[in-house]
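just the structure for this:
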Amino acid sequence: MRHRAAAALAVAGALVLAGCGGSGSGGGADLSVGSAYMPQPVSDLAAGFLTITNEGDAADRLTSVSSDVAGRVTVHETVDGAMREVDGLDVPAHGRLVLESGGNHLMFEQLKRKPRQGQKVSVELRFDRSGPVTVEIPVKPATYTPKAGHTTGHEAGHTTGH
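Model (predicted):
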């Protein structure tokens, strides 16, 4: 029990709660965001990683992302090692959309400033059916790699809106 509590505190310390609540509509998507981080950028581009969990009965789709730190934030899919920009990614009902290094991810382009380790970057995620979710993404060292089995769920954001 003590180990689980310590692990929960460690995760909570690394992530910032951006709001509480759900979509509020029974039978719909119920989205939350966790395990968010951005490696400190070394160029005018940055990557973002997070997990969107849907505890609702309906699927949804991440359709766009914005941040005041970048002129443009795009959603990328990685298939067979090849990265390409896509117009969205599905969030299955009772499932997760995992954005991770080497896989699907966010690209922050045209950085207005280079976020530094220890800072947080505010990001708004927009969906096909649910209201937007605002997340404060912590900036980690450029070489940061999360530990296997990191927690996902309600640690770093919820729907704010509908």
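
quick one: neighbours of residue 28, just the number.
Here the neighbour count serves as a burial measure; for residue 28 (other CB atoms under 10 Å) it reads 20. The C-beta positions use only the backbone N, C-alpha and C, and glycine is treated the same way.

tell me which element it falls in.
In the assignment (DSSP states H and E), residue 28 maps to no helix and no strand.

how many other residues sit next to the closest residue to residue 71 other than its chain neighbours?
Here the nearest residue to residue 71 in space, its sequence neighbours aside, is residue 110; by CB to CB, 6 or more residues apart in numbering that works out to 3.0 Å. Taking other CB under 10 Å as the criterion, the count of residues near residue 110 is 11.

so residue 110 is in contact with residue 43, correct?
No. Under the contact definition of CB atoms under 8 Å, residue 110 does not touch residue 43, with a separation of 11.6 Å.

could you find the closest non-adjacent residue to the spatially most central residue of the chain?
Within the chain, the residue whose C-alpha comes closest to the C-alpha centroid is residue 50; the distance, by CA atoms, centre = their mean, is 3.2 Å. Counting by CB to CB, 6+ apart, the nearest residue to residue 50 once its immediate chain neighbours are dropped is residue 36, at 3.8 Å.

show the pLDDT at the one you found.
Confidence at residue 36, expressed as pLDDT, is 97.

low pLDDT regions in the protein?
Within the chain, the stretches falling below the threshold (pLDDT under 70) are 1-26, 148-162.

could you rerun that using 50?
Low-confidence regions of the chain, defined here as pLDDT under 50, cover residues 1-25, 150-162.

quick one: buried residues of stretch 100-117?
100, 104-108, 111, 115 (16 or more other CB atoms under 10 Å).

closest one of those to residue 90?
Looking at the buried residues of stretch 100-117 and their distance to residue 90, the nearest is residue 104, at 10.4 Å (CB to CB).

so who does the closest one touch?
For residue 104, the residues meeting the contact criterion (CB atoms under 8 Å, 6 or more residues apart in numbering) are 75-78, 89, 97-98.

skip the chain neighbours and tell me the closest residue to it.
Closest to residue 104 by CB to CB, 6+ apart is residue 77, at 5.2 Å.

what's the answer for residue 78, then?
When the adjacent residues along the chain are set aside, residue 78 lies closest to residue 103, with 5.1 Å between them (CB to CB, 6+ apart).

and the one you found, helix, strand or coil?
Going by DSSP: H, G, I helix; E, B strand; the rest coil, the secondary structure assigned to residue 103 is coil.
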